[in-house]
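S.K.: 3D model of this:
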Amino acid sequence: MRMRLRAVKGKEEEIVVVASTAVITAYAAQGRMLAAREVLVGLLAIGIGVDAASWIAMIAGYAQNAQMEKAAELFGIMPPGKRNVVTWTAMISGYVRCGSAAASSALRLFYQMPVQQPNHVTFAALLPACQHLETLQGIHEQILRRGFQSNLFVCNGLVHMYAKLGAIGVARQVFDKMAERNVVSWTAMVASYARVDLREALRLFWRIPQPNVASWNAIIGGCMHHGFIAEALLLFHRMPRRNGVSWNIMIVGYAERGKTEEALKLPEQMPTTDTTVAVVSWNSVIAGFADKGEEEEALRVFRVMQRERESVMMKPNSKTFTLVLPLYGKRASLK
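M.R.: The predicted structure is shown next:
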């Protein structure tokens, strides 16, 4: 329902602005940005001074819905006096949410912020935009200068990003200096070591006060990556709770090591709520073999899926055929 606005004054004007901001926020949460914009335009049209909260709600709505061109347009016409740390951070978060292609826009906007404005939320939002080690180190220096090195969320972001960029030693230094850690901190460190130093990953894993499903997935994935299949299976059976990623790790791990029969047994153990996971996992296996140029292995997995297609867990879907048809085409062209 479209909101009807009329000319108002004084206290009534303040009530209308507050109500309008709530409506904008609600529309944005539903992805109805055109309706949200109409409310903002309506406020301006009847001469009501739009407060910072209304601008922020609108810009944050565009950012959350990945409409960054419109968010930037609105940000550009927003009165400079109404821009605050929440507005700037909403824009930065929006660019980061759009992925690596927009990372430079997030960083550029950060460096345009008034020097007194960035807070710990801004830095936590910005860290995923650091795609190069030098960039991350520069942002880390600013974090230290501003005194946010003790903030849990900022530190978690630093640990994750340093590890992602291959600086596991620096990630560990940040981790060791943390005054407070949560399961995210521990899991980030376990996942970092899981691919390069399984012994240390296991040592850290068993120190986690309350590992969650992501923690278990990280260490099981590490075991599979290094070929310790029996250890991975043991940990898998010890998990208090599993999710789709857990099953995917095991199925893909078995199949990539030629243990197709073992992988086939896993879907039978899956809860009925995870019926689509097996197909996704098998598609991942096919894609992995195809990317490595092992077309015959990819097609062998597909033939297994066809053989077992009566099971909902194994029935090929449209993605499966998208993956295998080019392989059959390549084989035919070589004959």
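S.K.: how about the helices in the stretch 51-200 of the chain?
M.R.: With helices called from DSSP state H, counting those that start in this stretch, the stretch 51-200 of the chain shows them at 52-64, 68-77, 85-97, 103-112, 120-126, 133-146, 152-164, 168-177, 183-194, 198-205.
S.K.: Nearest to K292 among these would be which one?
M.R.: helix 183-194 (20.9 Å; CB to CB). Every residue, glycine included, has its C-beta placed from N, CA and C.
S.K.: related to what we said a few turns ago, CSV for the helices of the stretch 51-200 of the chain, including distance to A232?
M.R.: Output for the helices of the stretch 51-200 of the chain, formatted as CSV (distance: least, CB to CB, whole Å):
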stretch, distance to A232
helix 52-64, 38
helix 68-77, 41
helix 85-97, 33
helix 103-112, 34
helix 120-126, 32
helix 133-146, 31
helix 152-164, 21
helix 168-177, 21
helix 183-194, 11
helix 198-205, 11
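S.K.: Switch those helices over to JSON lines; also include mean pLDDT and mean neighbour count.
M.R.: Listed next are these as JSON lines, based on pLDDT from 0 to 100; neighbours: other CB atoms under 10 Å:
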{"stretch": "helix 52-64", "mean pLDDT": "83", "mean neighbour count": "23"}
{"stretch": "helix 68-77", "mean pLDDT": "89", "mean neighbour count": "15"}
{"stretch": "helix 85-97", "mean pLDDT": "91", "mean neighbour count": "22"}
{"stretch": "helix 103-112", "mean pLDDT": "93", "mean neighbour count": "16"}
{"stretch": "helix 120-126", "mean pLDDT": "96", "mean neighbour count": "22"}
{"stretch": "helix 133-146", "mean pLDDT": "96", "mean neighbour count": "15"}
{"stretch": "helix 152-164", "mean pLDDT": "96", "mean neighbour count": "23"}
{"stretch": "helix 168-177", "mean pLDDT": "96", "mean neighbour count": "17"}
{"stretch": "helix 183-194", "mean pLDDT": "96", "mean neighbour count": "23"}
{"stretch": "helix 198-205", "mean pLDDT": "97", "mean neighbour count": "18"}
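S.K.: nearest to P267, of these?
M.R.: helix 183-194 (24.9 Å).
S.K.: What is the neighbour count of R238?
M.R.: For R238, the neighbour count with other CB atoms under 10 Å is 9.
S.K.: mind listing what it touches?
M.R.: Shown here is R238, which makes no contacts under the criterion CB atoms under 8 Å, 6 or more residues apart in numbering.
S.K.: F110 too?
M.R.: F110 neighbours (CB under 8 Å, 6+ apart): 88, 92, 118, 122, 126.
S.K.: I'd say the second one and L109 touch.
M.R.: To tie it back to what came earlier, the one meant is I92. Yes. Counting by CB atoms under 8 Å, L109 is a contact partner of I92 at 5.7 Å.
S.K.: Just give the closest residue to S150, not the sequence neighbours.
M.R.: The shortest distance from S150 to any non-neighbouring residue, by CB to CB, 6 or more residues apart in numbering, is to A179 (5.5 Å).
S.K.: what do you get for V285?
M.R.: A255 (4.3 Å).
S.K.: wait, doesn't that neighbour sit right on L264?
M.R.: No. Between A255 and L264 there is no contact under CB under 8 Å: 9.1 Å.
S.K.: Between the two, tell me which one has more neighbours.
M.R.: Taking neighbours as other CB under 10 Å, A255 and L264 compare with A255 leading, 25 against 21.
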